[in-house]
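Colleague: Test case, fold it:
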Amino acid sequence: MSRMTFKNYGGSYQLRIRDSQDLEKIQVLDEVHWAAISIPTNSLNCDKAFTDYVDTDNNGRIRPSELKAAWSWLALVLAGRQRMSEGSEILRLQDIGTDNSEGQKLLAAAELILTNLNMPTKNEISLAQV
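Modeller: As a prediction, the model looks like this:
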């Protein structure tokens, strides 16, 4: 793992996250370096289904342990993480890690969706298709 890089954001030094390798560092980042140790899910500008998934105790807040658990799952099922920083809504099926049961389930679900949509090729799936 490469060195952690911190940057001053609004007067507070925080971990600089530019890509999946930087994001992986949250697993070892001490909570004293987090900007917040809890954030209300309704203050985030993203899909509610996503925040509901990450908020495992359903208390309306995301804590570092929940974010770390979400990253662990993602690292388990997504073998190809290089494209994460692209901001794409497309998942290449070849990027799904199938060396574990979770990845195999994810791949099977994606293939089922594409089959049900009568897609001629099953190389990638978009968020809209899901």
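Colleague: From now on I want contacts and neighbour counts done on CA atoms only, so please keep to that.
Modeller: Fine.
Colleague: Just checking the distance from the longest helix anywhere in the chain to the centre of its chain.
Modeller: Scanning the chain for the helix with the most residues, using DSSP state H, yields helix 101-116. With Cα atoms, centre = their mean, to the nearest Å as the basis, helix 101-116 stands 18 Å off its chain's centre.
Colleague: got a list of contacts for the next helix or strand after it?
Modeller: Sequence-wise, the next helix or strand downstream of helix 101-116 (DSSP states H and E) is strand 124-126. Applying Cα atoms under 8 Å, 6 or more residues apart in numbering, the contact partners of strand 124-126 are Glu89, Ile90, Leu91, Arg92, Leu93, Ala110, Leu114.
Colleague: what about Leu114, how many neighbours?
Modeller: Leu114 has 20 neighbours, counted by other Cα atoms under 10 Å.
Colleague: Compute the distance between it and Ala108, please.
Modeller: According to Cα to Cα, to the nearest Å, Leu114 and Ala108 sit 10 Å apart.
Colleague: Kindly report the same for Thr98.
Modeller: In this view, Thr98 and Ala108 are 10 Å apart by Cα to Cα.
Colleague: the more surrounded of these two?
Modeller: Thr98 (19 against 14).
Colleague: what comes up buried for the worst-scoring helix or strand of the chain on mean pLDDT?
Modeller: In the chain, no helix or strand scores lower on mean pLDDT, DSSP states H and E than strand 12-15, which sits at a mean of 80. For strand 12-15, the neighbour count (16 or more other Cα atoms under 10 Å) marks Gln14, Leu15 as buried.
Colleague: pLDDT on the following helix or strand past that strand, on average?
Modeller: Using DSSP H and E, the next helix or strand after strand 12-15 towards the C-terminus is helix 20-24. Mean pLDDT, helix 20-24: 84.
Colleague: Residues touching helix 20-24, excluding its own?
Modeller: Applying Cα under 8 Å, 6+ apart, the contact partners of helix 20-24 are Met1, Met4, Arg16, Ile17, Trp71, Arg81, Gln82, Met84, Ser85.
Colleague: Buried residues, the strand or helix carrying Leu91. List them.
Modeller: Assigned by DSSP H and E, Leu91 belongs to strand 90-92. By 16+ other Cα under 10 Å, the buried positions in strand 90-92 come out as Leu91.
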